[in-house]
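1. Give me the fold of what follows.
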Amino acid sequence: MLSYLQLGEEFFGPLRLFQFISVRAILAGITALLFGFFLGPKLITLLRDFGAKQAFRDRDEVGELANLHEGKAKTPTMGGLLIFGSVIFSTLLWADPNIYVITAMLVYGVLTIVGFLDDFLKISKKNSKGLAGRYKLIGQLIATGLALFLLLGPLGDTLTGVHGRAVGSTEKMMELWVPFYSDVLILSMPLVLVVGLFLLTLTGSSNAINLTDGLDGLAIGCTVTVALTYGIMSYASGNFVISEYLKISWIPGTGELTVVCAALLGGSLAFLWYNAHPAEIFMGDTGSLAIGGLVGIIALMIHQPLTLVIVGGIFVMEAGSVILQVASFKSRGKRIFLMSPIHHHFELKGWKETKVVIRFWILSLLFAIIGLATLKLR
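-> The predicted structure follows:
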């Protein structure tokens with residue numbers, strides 16, 4: 001799309017407007033939103049006809065929760081396909097395909113395939129087991145390896161996009177920045193540390209959002225605030241003047257990730273329209289695993305993976321509650337929560353599903369504000 005617009009700039013001056021990332025980000029968000037709005041009902045009907053119903057754990061495993069979620073059994077899953085289509089279509093239209101955009105889309109694509117296979121097995125077997133954990137991990141390792149190859153390999157300094165703008169060098173990816181500190185903490189991390197950081201961030205964010213996706217609108221609503229926050233951070237990271245003012249790492253080319261984040265924001269809002277309680281469709285692992293990976297790789301490419309712990313505070317809470325629950329039960333034989341992830345704990349405490357979701361949205365917004373504040377509070 002941008003290549004055609006660039007050809008027309010000489011004949012029609014206003015087309016130069018599309019050189020501005022802010023303009024293309026707005027258009028990307030609107031495009032993804034409309035894509036999701038119009039194709040949502042068609043996908044819901046298609047998945048329902050296909051029999052793609054959400055598989056739940058057995059009643060003896062979840063007890064009272066089975067009664068609370070009894071009406072969800074007929075709701076179709078695999079709705080992550082709608083978000084994926086919205087994001088990919090919008091990004092292809094409006095983003096300048098430099099190395100960062102390509103890496104983000106490939107990681108997103110690989111994890112969408114992994115999630116799709118997981119959902120497909122759940123549907124075909126009619127149980128909640130799905131893809132074995134080791135195969136999910138293999139998929140996440142492939143996505144991580146692909147990202148590392150693209151960003152640290154020979155292509156890292158060559159793919160500059162349609163407009164031929166410079167992008168950050170591979171050396172930039174070896175830096176480690178932390179919140180509340182105004183300078184780079186480690187100028188050149190050892191390769192093993194870089195690999196570990198990538199693997200931990202991608203698998204952690206992917207699994208955390210997957211665990212959060214247990215109530216209508218919960219995971220996708222929190223994704224909206226995270227996408228907006230990282231869109232702002234990406235813009236700042238790719239802009240020399242802003243990055244100098246905020247004393248954050250300037251990485252030429254990462255501004256294009258603002259367009260990707262805007263597409264994710266628009267696609268998430270469109271999906272939320274159909275996923276709000278009572279949900280007409282669930283995203284399934286097709287959506288949650290992939291969105292987690294996309295958010296994680298964007299955070300890594302703009303040197304803000306540690307800030308993701310703050311911005312994605314809800315996801316950290318959800319994953320942390322599971323880890324604590326398992327550790328406590330194995331070490332003491334006692335549970336800390338009535339059920340994990342923690343959103344189920346509040347359900348069993350008597351909170352209505354919508355109350356849990358809205359309160360978690362509010363917390364997600366507060367976490368996002370704190371995360372943005374770390375850019376200045378250094």
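
2. Every contact and neighbour count from this point should use C-alpha atoms.
-> Fine.

3. chain center to the helix or strand where residue 221 lies: distance?
-> Assigned by DSSP states H and E, residue 221 falls within helix 218-238. Centroid displacement of helix 218-238 relative to its chain, using C-alpha atoms, centre = their mean, to the nearest Å, is 9 Å.

4. helices or strands next to it in the packing?
-> Contacting helix 218-238 under the criterion 3 or more C-alpha pairs under 8 Å, 6 or more residues apart in numbering; DSSP states H and E are the following elements: helix 191-212, helix 240-246, helix 257-275, helix 284-301, helix 353-373.

5. cutoff 10 Å now
-> The contact analysis (3 or more C-alpha pairs under 10 Å, 6 or more residues apart in numbering; DSSP states H and E) places helix 218-238 against helix 21-50, helix 191-212, helix 240-246, helix 257-275, helix 284-301, helix 308-311, helix 313-332, helix 353-373.

6. can you count the residues close to residue 73?
-> Neighbourhood size, residue 73 [other C-alpha atoms under 10 Å]: 12.

7. got a pLDDT number for it?
-> Residue 73 carries a pLDDT value of 74.

8. The one 10 residues further on too?
-> Here, the pLDDT recorded for residue 83 equals 98.

9. Ok, the one 10 residues further on next?
-> Confidence at residue 93, expressed as pLDDT, is 95.

10. Quick check: it is in a strand.
-> No: read with DSSP: H, G, I helix; E, B strand; the rest coil, residue 93 is helix and lies in no strand.

11. Assess the claim that it and residue 30 are in contact.
-> No: proximity of residue 93 to residue 30 does not meet the contact threshold set by C-alpha atoms under 10 Å, at 11.7 Å.

12. out of those two, which sits in the more crowded spot?
-> Neighbour comparison, residue 93 and residue 30: the larger count goes to residue 30, with 19 against 16 (by other C-alpha under 10 Å).

13. wait, what's in contact with the residue nearest to that one when sequence neighbours are not counted?
-> Spatial nearest neighbour of residue 30, excluding adjacent residues (C-alpha to C-alpha, 6 or more residues apart in numbering): residue 266 at 6.2 Å. Residues near residue 266 by C-alpha atoms under 10 Å, 6 or more residues apart in numbering: 26-37, 83, 86-87, 90, 224, 227-228, 260, 272.

14. Repeat the analysis, applying 7 Å as the threshold.
-> Residue 266 makes contacts with 29, 30, 32, 33, as judged by C-alpha atoms under 7 Å, 6 or more residues apart in numbering.

15. before we move on, what about residue 310?
-> For residue 310, the contact set (C-alpha under 7 Å, 6+ apart) comprises 367, 371.

16. What does the pLDDT read for it?
-> Listed pLDDT for residue 310 reads 97.

17. gap between it and residue 262?
-> Distance, residue 310 to residue 262, using C-alpha to C-alpha, to the nearest Å: 20 Å.

18. Quick one: the helices in the stretch 1-150 of the chain, in order.
-> According to DSSP state H, counting those that start in this stretch, the stretch 1-150 of the chain carries its helices in the segments 2-8, 21-50, 59-62, 64-68, 80-94, 99-125, 133-152.

19. So for the last one, what gets flagged as buried?
-> This points to helix 133-152. 136, 139-141, 143-148, 150-152 (16 or more other C-alpha atoms under 10 Å).

20. before we move on, back to that, point out the most buried one among the helices of the stretch 1-150 of the chain.
-> helix 80-94 (a mean of 24; mean count of other C-alpha atoms under 10 Å).

21. Which strands and helices lie in contact with it?
-> helix 21-50, helix 257-275, helix 284-301 (3 or more C-alpha pairs under 7 Å, 6 or more residues apart in numbering; DSSP states H and E).

22. could you check the angle helix 257-275 makes with the first one?
-> Pointing back at helix 21-50 there. 30 degrees (axes from the mean of the first three to the mean of the last three C-alpha atoms, to 10 degrees).

23. remind me which residues of the stretch 51-200 of the chain are low pLDDT?
-> Across the stretch 51-200 of the chain, the ranges flagged by pLDDT under 70 are 54-71, 127-128, 154-171, 187.

24. How much space separates the nearest residue to residue 329 once chain neighbours are set aside from residue 345?
-> Spatially, and ignoring its direct neighbours in sequence, residue 329 is nearest to residue 335 (5.4 Å; C-alpha to C-alpha, 6+ apart). When distance is defined by C-alpha to C-alpha, residue 335 is 11 Å away from residue 345.

25. Same check on residue 139?
-> Separation of residue 139 from residue 345 (C-alpha to C-alpha): 30 Å.

26. now swap in residue 200 and tell me
-> Counting by C-alpha to C-alpha, the gap from residue 200 to residue 345 is 26 Å.

27. Which one of these two is surrounded by more residues?
-> Ranked by neighbour count (other C-alpha under 10 Å), residue 200 and residue 345 place residue 345 first, with 18 against 15.

28. And what about the more buried one, helix, strand or coil?
-> Of the three states, residue 345 takes helix under three-state DSSP.

29. wait, it sits on residue 337?
-> Yes: contact criterion C-alpha atoms under 7 Å: residue 345 and residue 337 qualify, at 5.9 Å.

30. Could you list which residues are in contact with residue 229?
-> Residue 229 neighbours (C-alpha under 7 Å, 6+ apart): 368, 372.

31. coming back round to it: closest one to residue 294 among the helices of the stretch 1-150 of the chain?
-> helix 99-125 (5.3 Å; C-alpha to C-alpha).
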